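Asks: Sequence plus predicted model, see below.
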Amino acid sequence: MYFLHYHITKHELINCLYLPSSCHSINLPFKLKKNFYSFVFLFGLATIYSWAQFPNPALVGYWHNWSDWSAPYIDLTDVDDRYNIINVSFATPQTGTDYQMEFAPDQVTQATLIAQIQTLQSQGKIVNISVGGANAIVALDNTTERDAFINTMTDIINTYGFDGMDIDLEGSSVSITGGTISTPVDAKIINLIEATKQIMLNFRVNNNNKKMYLSMAPETAFVQGGMSAFGGIWGAYLPIIHALRDSLDVLHVQLYNSGSMFGIDGNIYNQGTADFIIAMTEAVIQGFNTSGGFFTGLPPTKVAVGLPACPNAAGGGFTNTTTVASAINYLKNEGPKPGTYTLENTNGYPNLRGLMTWSINWDAIATCNATNYEYAQNYEALFPECTFEVALSGNNTVCANTPETYNAGSYPAGTIFNWVITNGTIVTGCGTTDATCTVLWQSGTAGELSVIVQTP
């Protein structure tokens, strides 16, 4: 199975509409081997941004920048090879502030860690700096603190050559007193959004217009909890996710240390079960109502399932590999319903992004599970690598209000094609038996096309 994604930005479509002679060319076909990658095209009216490759599917793991007797330190270059996105934990506020960020290697020299990051990047892995964590409060209460956060985080990213930033703010770092999902009123929410946008812009300037990787790891109360209430921590991440949705690469809500939560079917589900994984995951894909407005869901390619690597890695919510497998297989439409929750989308989400875990260090301990790296092994079974090539070809111009045809190639009888189109209208094809898909893109709106090919 392989993905190929086209991301067509608003600026690109406007350029096509008002300057039809300058419709931008997309070179086709692309040929992919082994891993899934997202190809991102971001065109401005004058500047062409470079595309970025991020692993898809993804196994995201948090890496401890410290040593603990229960979860010992691991050299970054010794991380299990199945982890293709590594979040270095954590950048935290300097003593006496909650906005001036710092990061320093705890077990090796700065030069050694930089070299290790570069080694992983040379292998095609993404290495990010994660901000906050459970014990660090980050609050940008005014523009001075916002700017200090921007400057210090930009410096950390530049110094170590990180590919991006993961936002893992918990507790009182993110809370709301009013407003709506689309119109927040709290200064620290607005400032965090603005700061993240500026850090991404700084990254582009410093990295030849390359896109910065961006992910988030909120707890369930901050996201799905918005169905219960919209205030305090409840639903507090929703305005941030909404404002940054176009730049967000992966959302992996922590489906642990949670207790019970409402699903979009109105029923309550408990952590540590297949139903909980399925219900919480579909909620962020389908979207849901809150008293602060409707949260519009994210594409499944931007959603990963976040779980603890072993029982000792979290205070609650550990889910054994068999249960995880039954949940993921149902979500991907590759297995039966394992519990009482029924997917709203009966076709499931075969292009679900992957898994996230806290943490790589916990996964490495043989005594915490039946074997070391049990979580990574389960991921490998659920999101297997493919060994064949897929070439997606078609018309090589992208213009608004002009039908574009894409062809996934020739495959044996019984092959299933799963086309996903966002902000485009199907003209013809695009069915489960169709190797071709013709789309009419909407004007002035970002769009996406992806296809998964499942051979018999």
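Replies: All right, it came through fine.
Asks: what's next to the longest helix along the chain, contact-wise?
Replies: For the chain, the helix with the greatest residue count under DSSP state H is helix 187-206. Contact with helix 187-206 is made by 49, 139-143, 145-146, 149-150, 153-154, 157-158, 164-165, 167, 169, 173-176, 179, 184, 210-212, 214, 236, 239-240, 243-244, 247, as judged by Cβ atoms under 8 Å, 6 or more residues apart in numbering. C-beta here means a position set from N, CA and C on the backbone, and glycine is covered the same way.
Asks: Name every strand pairing with the helix or strand just after that helix and say which way it goes.
Replies: Heading C-terminal from helix 187-206, the first helix or strand you meet, by DSSP states H and E, is strand 213-216. Strand pairing for strand 213-216, determined by DSSP bridges: strand 164-169 (parallel), strand 250-251 (parallel).
Asks: Tabulate the ones you listed in TSV, adding columns for distance to Lys197.
Replies: Formatted as TSV, the strands paired with strand 213-216 follow (distance: least, Cβ to Cβ, whole Å):
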stretch	distance to Lys197
strand 164-169	12
strand 250-251	17
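Asks: wait, isn't Trp362 in contact with Cys310?
Replies: Yes - judged on Cβ atoms under 8 Å, Trp362 makes contact with Cys310 at a distance of 5.3 Å.
Asks: Next, the buried residues of stretch 232-252.
Replies: 233-244, 248-252 (16 or more other Cβ atoms under 10 Å).
Asks: again but with stretch 274-290, I slipped
Replies: Buried-residue list, stretch 274-290, by 16+ other Cβ under 10 Å: 274-286, 288, 290.
Asks: go on, stretch 324-340?
Replies: With the criterion 16+ other Cβ under 10 Å, stretch 324-340 contains buried residues 324-333, 338-339.
Asks: measure that stretch end to end?
Replies: 15 Å (Cα to Cα, to the nearest Å).
Asks: Residues contacting that stretch, please?
Replies: Here stretch 324-340 has contacts from 267, 273-275, 277-278, 281-282, 305, 307, 319, 323, 343, 347-350, 352, 355, 378, 381-382, using Cβ under 8 Å, 6+ apart.
Asks: And the chain, what are its domain boundaries?
Replies: 6-34+388-454, 58-382 (automatic domain parsing).
Asks: any idea which of those is most buried?
Replies: Stretch with highest mean neighbour count among the domains of the chain: domain 58-382 (a mean of 20; mean count of other Cβ atoms under 10 Å).
Asks: How far away from the center of its chain is it?
Replies: 8 Å (Cα atoms, centre = their mean, to the nearest Å).
Asks: avg pLDDT for it?
Replies: Per-residue pLDDT values over domain 58-382 give a mean of 97.
Asks: Which residue ranges of the stretch 1-150 of the chain form strands?
Replies: Ranges of strands in the stretch 1-150 of the chain, per DSSP state E, counting those that start in this stretch, are 6-8, 24-25, 30-32, 42-43, 48-49, 58-64, 85-93, 101-102, 126-133.
Asks: In a helix, Ser326, correct?
Replies: Yes - per DSSP: H, G, I helix; E, B strand; the rest coil, Ser326 lies within a helix segment.
Asks: Roughly how far does it sit from Ile426?
Replies: Distance of Ser326 to Ile426, given as Cβ to Cβ, to the nearest Å: 32 Å.
Asks: ok so, going back, closest to Phe294 out of the buried residues of stretch 324-340?
Replies: Leu331 (22.3 Å; Cβ to Cβ).
Asks: Let me know the distance separating that closest one from Leu214.
Replies: Taking Cβ to Cβ, one finds Leu331 at 23 Å from Leu214.
Asks: Likewise for Asn378?
Replies: Asn378 is 26 Å from Leu214, by Cβ to Cβ.
Asks: go on, Ile150?
Replies: 14 Å.
Asks: contacting residues around the residue nearest to Gln94 when sequence neighbours are not counted?
Replies: Distance criterion Cβ to Cβ, 6 or more residues apart in numbering; nearest residue to Gln94, sequence neighbours excluded, is Gln100 at 4.5 Å. By Cβ under 8 Å, 6+ apart, the contact list for Gln100 reads 93-94, 148-149, 152.
Asks: Turn those residues into a markdown table, columns for distance to Thr77.
Replies: Converted to a markdown table, the contacts of Gln100 look like this (distance: Cβ to Cβ, whole Å):
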| residue | distance to Thr77 |
| --- | --- |
| Pro93 | 28 |
| Gln94 | 28 |
| Ala148 | 33 |
| Phe149 | 30 |
| Thr152 | 27 |
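Asks: Tell me the one among these nearest to Gly414.
Replies: Distance ranking of the contacts of Gln100 against Gly414, using Cβ to Cβ, places Phe149 first at 53.4 Å.
Asks: Hmm, Leu140 and the closest one touching each other?
Replies: Yes - counting by Cβ under 8 Å, Phe149 does reach Leu140; the two are 5.5 Å apart.
Asks: if I look at the two, which residues touch both of them?
Replies: With Cβ under 8 Å, 6+ apart, Phe149 and Leu140 have common neighbours 99, 191, 195.
Asks: ok, those vs His64, which is closest?
Replies: Tyr99 (23.9 Å).
Asks: Excluding chain neighbours, give the residue nearest to the closest one in space.
Replies: Glu145 (3.9 Å).
Asks: What segments of the stretch 201-350 of the chain are strands?
Replies: 213-216, 250-251, 260-262, 268-270, 288-290, 293-295, 304-308.
Asks: With Trp66 as the reference, name the closest of those.
Replies: strand 304-308 (18.1 Å).
Asks: Would you mind getting the angle between that closest one and strand 58-64?
Replies: Angle, strand 304-308 to strand 58-64, by axes from the mean of the first three to the mean of the last three Cα atoms, to 10 degrees: 40 degrees.
Asks: Now do strand 304-308: everything it contacts.
Replies: 58, 60, 217, 250-256, 277, 281, 314, 317-319, 324, 327-328, 331, 352-358, 362, 375.
Asks: Identify those among those residues that sit within helices.
Replies: 277, 281, 324, 327-328, 331, 362, 375.
Asks: Now the two most distant members of those.
Replies: Leu331 and Trp362, at 23.5 Å, using Cβ to Cβ across these.
Asks: re the thing from before, give me the distance between the residue nearest to Tyr99 and Asp155.
Replies: Taking Cβ to Cβ, one finds Glu145 at 16 Å from Asp155.
Asks: now do Val205
Replies: Distance from Val205 to Asp155, by Cβ to Cβ: 14 Å.
Asks: measure the closest residue to Cys368 other than its chain neighbours to Ala304 for me?
Replies: The spatially closest residue to Cys368, leaving aside those adjacent along the chain, is Cys310, at 3.5 Å (Cβ to Cβ, 6+ apart). Per Cβ to Cβ, Cys310 is found 18 Å from Ala304.
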